[in-house]
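*Asks:* Compute the structure for the input listed below.
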Amino acid sequence: MSFEGPIEDRLAIRERIEAYSDAVFRHDAEAWIANWCEDAVWSLPGIEVAGRAQIRGAWEQAMQAFTLAAFFASPGSIVVRGQAATARVYTQEILTDAKGAVRRIVGAYDDELVKQDGVWLFRKRAYQIKHDQSEG
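*Replies:* I've put the predicted structure just below:
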């Protein structure tokens, strides 16, 4: 994979990835779910969730466990083909729970995006953990 397609679309997709990260940092469920299309699929190790309402519910439940969820994302690839795109996004997470235990995760998302009414949204995000370290 590489970076292919109109620069305007690739920039909009990068901004979508950054908006997702910002919403995680702020624990903002409304801003976070705004990154997804209605029929989206979120695939995580051991679970797959379909539809915006179910995705939001799963995310809100997961986020309750953390006093801090720092999420950094870096695109490794964005390929735009008309109204559809794929992306590979590498992530670093620092998660702190209520007891102060820290978990550091390096992962990667394989993404499918769709352009709806001029806006790029995630249609599918499939996440893989590459490294997971817990402290405390």
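*Asks:* and the residue at minimal distance from the centre of the chain, what is it in contact with?
*Replies:* Central residue of the chain (Cα atoms, centre = their mean): Y20, 5.8 Å from the mean position. Contacts for Y20 (Cβ atoms under 8 Å, 6 or more residues apart in numbering) come out as 32, 35, 71, 73, 122. Just so you know, the C-beta spots here come from the backbone N, C-alpha and C atoms, and that holds for glycine as well.
*Asks:* Now do the buried residues in the helix or strand containing it.
*Replies:* Here Y20, judged by DSSP states H and E, is contained in helix 7-25. By neighbour count on 16 or more other Cβ atoms under 10 Å, the buried set for helix 7-25 is 9-10, 12-14, 16-17, 20-21, 23-24.
*Asks:* With pLDDT added, can I get those in TSV?
*Replies:* TSV is the format used below for the buried residues of helix 7-25 (pLDDT from 0 to 100):
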residue	pLDDT
D9	98
R10	98
A12	98
I13	98
R14	98
R16	98
I17	98
Y20	98
S21	98
A23	98
V24	97
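*Asks:* What is the neighbour count of the closest residue in space to S74 that isn't next to it in sequence?
*Replies:* Residue nearest to S74 in three dimensions, not counting chain neighbours: Y90, with 5.0 Å by Cβ to Cβ, 6 or more residues apart in numbering. Number of residues near Y90 (other Cβ atoms under 10 Å) recorded here: 15.
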